[in-house]
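*Asks:* next come a sequence and a model predicted from it.
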Amino acid sequence: MQMVNEQIQSIQQKVQELWLHAQKLTKENKQLQQELQEAITAKKALLKKIEQLEQSKAAFQIGVDTWSDADKQELASKVNGYIKEIEHWLAVLKSA
């Protein structure tokens with residue numbers, strides 16, 4: 001009888017450990033889902049910004065023929081800065 005009681009206690013302990021592990025996994029899952037939602041929101045914002053930048057680029061391209069070389073250089077510098085920022089945030093999203 002002693003052996004049966006020990007086995008029951010062992011099973012109870014293992015069930016309790018499994019329950020605690022399941023609770024931990026549930027908490028981690030909720031956290032990961034929240035992080036995913038945040039990443040999705042950030043991605044949508046970045047895509048919107050990319051679209052706006054593409055529209056701005058198209059608008060600038062129309063008038064670029066009348067610009068001076070200094071104006072063209074300034075625009076190229078700004079566009080390169082935007083591209084670096086976009087690449088940075090895309091890398092952040094990929095690592096998330």
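*Replies:* Happy to help now that I have it.

*Asks:* when you work out contacts or count neighbours from here on, use the C-alpha atoms and nothing else.
*Replies:* Fine.

*Asks:* need the next SSE after the helix or strand encompassing residue 8, C-terminal direction.
*Replies:* Residue 8 is part of helix 2-63, with elements assigned from DSSP states H and E. Counting by DSSP H and E, the element after helix 2-63 in chain order, helix or strand, is helix 69-95.

*Asks:* what sits closest to the residue most central in space within the chain if chain neighbours are left out?
*Replies:* Per C-alpha atoms, centre = their mean, the C-alpha nearest to the average position across the chain is that of residue 39, at 3.0 Å. For residue 39, ignoring the flanking residues on the chain, the nearest one in space by C-alpha to C-alpha, 6 or more residues apart in numbering is residue 93 at 6.2 Å.

*Asks:* contacting residues for the one you found?
*Replies:* Listed by C-alpha atoms under 8 Å, 6 or more residues apart in numbering, the contact set of residue 93 reads 39, 42, 43.

*Asks:* want to try TSV for those residues, with distance to residue 54 and pLDDT as columns?
*Replies:* Below are the contacts of residue 93 laid out as TSV (distance: C-alpha to C-alpha, whole Å; pLDDT from 0 to 100):
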residue	distance to residue 54	pLDDT
39	22	93
42	18	92
43	16	93
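
*Asks:* which one of those is nearest to residue 62?
*Replies:* residue 43 (28.8 Å; C-alpha to C-alpha).

*Asks:* count the residues that sit near that closest one.
*Replies:* For residue 43, the tally of surrounding residues (other C-alpha atoms under 10 Å) stands at 17.

*Asks:* just residue 49 next, same as before
*Replies:* 14.

*Asks:* in the lowest-mean-pLDDT helix or strand in the chain, what's buried?
*Replies:* Of all helical and strand segments in the chain, the minimum by mean pLDDT, DSSP states H and E falls on helix 69-95, at a mean of 88. Going by neighbour count (16 or more other C-alpha atoms under 10 Å), the buried part of helix 69-95 is 86, 90, 93.
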